[in-house]
Structure formats: structure tokens, C-alpha cells
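Asker: How does the following fold in three dimensions:
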Amino acid sequence: MLYNSSMLKDLDLIPEDPAELKAVNKLLVEEVKALSLKVEQLQHQLHGANRHRFGSKSETLYQLHLNLAEAVAIAEVAEKQCNPAPLVDKSEKRQHSRKPLPAHLERNDTVLLSSDNCRQCGGTLKQLGADFTEELEYVPGRFVVNRILRPRLSCSCCETVVQVPLPSRPIERGRPGPGLLANVLVGKFCDHLPLYRQSQIFARENFDLDRSTLSDWVGRSSALLEPLADAIGRLVRQGSAVFADDTPVKLQAPGNKKTKRGGPVCLDM
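Answerer: Reported below is the predicted structural model:
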């Protein structure tokens, strides 16, 4: 007895005849093979359709294959969005990114004190704290650090707080002292030492001064050199003529179609 696929739908009881049972088993095996081939064909067609529609590297194909690391990363991002970081208080004291001055340098402390008594009521002043300001100075042959100590004093009677103001410095909020700044300027403009060479010289003293830092100091000190430049200008203009350029140039020689060597340019005053 033969069975086909339509007959299998109506088959509710397993046949008891061994021959019929064998035939049904054979038919089921063939049906499973046919269905497997059909599934492979449909998968191949689906893959071709997806590739034609989305391309060979579609993001939609990879979204279905997220690994554990990607899931953890997505969870962390979602948690950060739900719990934003607290706002930073802008009223906090500004932090400088400067490197601390080396500890091996010699320290010279200078204490600036006001009068011992309060100027308003005459009461005795007591110290509340102090501000330290470090200034890098250069003594010929070595570096030293001048520390300016300005104690904050409070009156015991009227609670007035007194502190001596910081003295004038070559560069406001800068670290170079007048001796160090003068040494850098003299080395650059008088001794013709480029700043990168001065930086190498300072490195031999176990002190790191970058070329950019020296350039900033030279630029800020230009205002300090204006009186010197004005004095040089007045001295130069005292003569009857000013030689602006002593470089020889070639000039046309009329008549012989040649050039001749010209002398320095002279400006009459």
C-alpha cells in the first residue's frame, strides 16, 4: 500500500501491518528530506533579498547578533543618561596647572607685616593665616626661590582683618623675578642666545624651563623695555643723519646699461 503527502494529513492511526509501517516510514523520510531542501532554498532566497535591499554590510543584520560586551556598554550608557553627573560648582577656587618649583632650590623667606596694632581702634592684631607666593629668581650661577609671606592679621577688638598687599613684580601673577627676567633678556638680545639654548642651559641646573615659557616671559616684558627703546631712539635721532641700512644693493648705472654697487641708505634729519 502506497501513501503520499496528502494522505499523511488524514492518517491518525499508526498501521499495524509491518509492510505498511515500513512504507509510511519511508514516505516520512522522503518528506523530511524535501522539507529540508525547501527550507535551505528559502533561506538562500531570503539572504539574497536582504543583501539586495540592505547591502552586504547592513547594520540591521548585526543588530540581531549583539554580544555580551555590547549589551553591557549599552546598559552603562543608559545608566549615565538616567543619572547625569552633578554640576561642577564654578565658584570653587581656580586650580593652576603649573608644576611646583623644585624642592632642592634654596628658599629665601621674606615676611611682610603691617603695624602691630589695628589702625582703626588700636587693638592688638592676631594672626589668622598666611598666603605664600613663590617667585623664581636667578642669582648668577644658581637659582633661588624668594618666598613672600603675607600674614593675615585680625584685630581682637573690632575683628578687622589686615594684610599687606603684594609688592609690584615684573609680570603680574608670574613667577620670574627681575634678576631672572633680566638674565633671559640679556642672553637673548645681547648675547644672541636663542631661548631653546637658554632652556638647555637651565636644564643643567636641574630646572626645567620650556621654550614656550621663556617666550611668554619675553613677550610680556616688552612693555618694560619701552623706556629703553625710547632712550635709544632719542640718542639715534640726535645726529644729522640716520643710517637705516648698511646692506649694499645694486643700482642701475645710466649710459652703460650696467649696474653698480650702491652704498648704505642715508636719511637726512
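Asker: residue closest to the middle of this structure?
Answerer: residue 97 (10.7 Å; CA atoms, centre = their mean).
Asker: That one and residue 152: what is the separation?
Answerer: Residue 97 sits 26 Å away from residue 152, going by CB to CB, to the nearest Å. From N, CA and C alone the C-beta is placed, and that goes for glycine too.
Asker: Where does residue 150 sit, in terms of helix or strand?
Answerer: According to DSSP states H and E, residue 150 maps onto strand 142-155.
Asker: All the strands of the stretch 1-150 of the chain, in order from the start?
Answerer: 106-111, 125-139, 142-155 (DSSP state E, counting those that start in this stretch).
Asker: ranking the ones you listed by burial, who's on top?
Answerer: strand 142-155 (a mean of 17; mean count of other CB atoms under 10 Å).
Asker: Tell me how confident the model is about that strand, as a mean pLDDT.
Answerer: Per-residue pLDDT values across strand 142-155 average out to 87.
Asker: Now do that strand against strand 106-111, angle only.
Answerer: Relative orientation of strand 142-155 and strand 106-111, computed by axes from the mean of the first three to the mean of the last three CA atoms, to 10 degrees: 20 degrees.
Asker: Correct me if wrong: residue 259 contacts residue 253.
Answerer: Yes. Contact criterion CB atoms under 8 Å: residue 259 and residue 253 qualify, at 6.1 Å.
Asker: Give me the helices and strands touching the strand or helix carrying residue 185, please.
Answerer: For residue 185, the element it lies in under DSSP H and E is helix 178-185. Where contact means 3 or more CB pairs under 8 Å, 6 or more residues apart in numbering; DSSP states H and E, helix 178-185 is packed against strand 125-139, helix 211-220.
Asker: Please convert these to CSV, extending it with mean pLDDT and distance to residue 34.
Answerer: Converted to CSV, those look like this (pLDDT from 0 to 100; distance: least, CB to CB, whole Å):
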stretch, mean pLDDT, distance to residue 34
strand 125-139, 83, 90
helix 211-220, 90, 80
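Asker: Tabulate the ones you listed in TSV, adding columns for distance to residue 169.
Answerer: Output for these, formatted as TSV (distance: least, CB to CB, whole Å):
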stretch	distance to residue 169
strand 125-139	7
helix 211-220	11
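Asker: Nearest to residue 47 among these would be which one?
Answerer: Residue 47 lies closest to helix 211-220 among these, at 59.7 Å (CB to CB).
Asker: List the contacts of that closest one.
Answerer: 171, 174, 176, 181, 184-185, 188, 195-196, 198-199 (CB atoms under 8 Å, 6 or more residues apart in numbering).
Asker: In the stretch 51-200 of the chain, where is pLDDT below threshold?
Answerer: Along the stretch 51-200 of the chain, segments meeting pLDDT under 70 span 55-75, 77-78, 80-96.
Asker: ok, 90 please
Answerer: 51-179, 182, 189-190, 192-193 (pLDDT under 90).
Asker: where's residue 146 relative to residue 169, distance?
Answerer: 10 Å.
Asker: next structured bit after the strand or helix carrying residue 251?
Answerer: Secondary structure assignment for residue 251, by DSSP H and E: strand 249-253. Where DSSP H and E defines the elements, the next helix or strand beyond strand 249-253 is strand 258-262.
Asker: so what strands line up beside that next one?
Answerer: strand 249-253 (antiparallel) (DSSP bridges).
Asker: tell me the contacts of residue 110?
Answerer: Contacts of residue 110 by CB under 8 Å, 6+ apart are 146-149.
Asker: Distance to residue 22 added to those, as TSV?
Answerer: Formatted as TSV, the contacts of residue 110 follow (distance: CB to CB, whole Å):
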residue	distance to residue 22
146	110
147	107
148	109
149	109
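Asker: Quick one: closest of the strands of the stretch 1-150 of the chain to residue 19.
Answerer: So among the strands of the stretch 1-150 of the chain, strand 125-139 is nearest, using CB to CB, at 108.0 Å.
Asker: Off-centre distance for that closest one?
Answerer: Between the centre of strand 125-139 and the centre of its chain there are 30 Å (CA atoms, centre = their mean, to the nearest Å).
Asker: what's it in contact with?
Answerer: Contacts of strand 125-139 (CB under 8 Å, 6+ apart): 101, 114-118, 143-156, 161-163, 166, 169, 175-180, 183.
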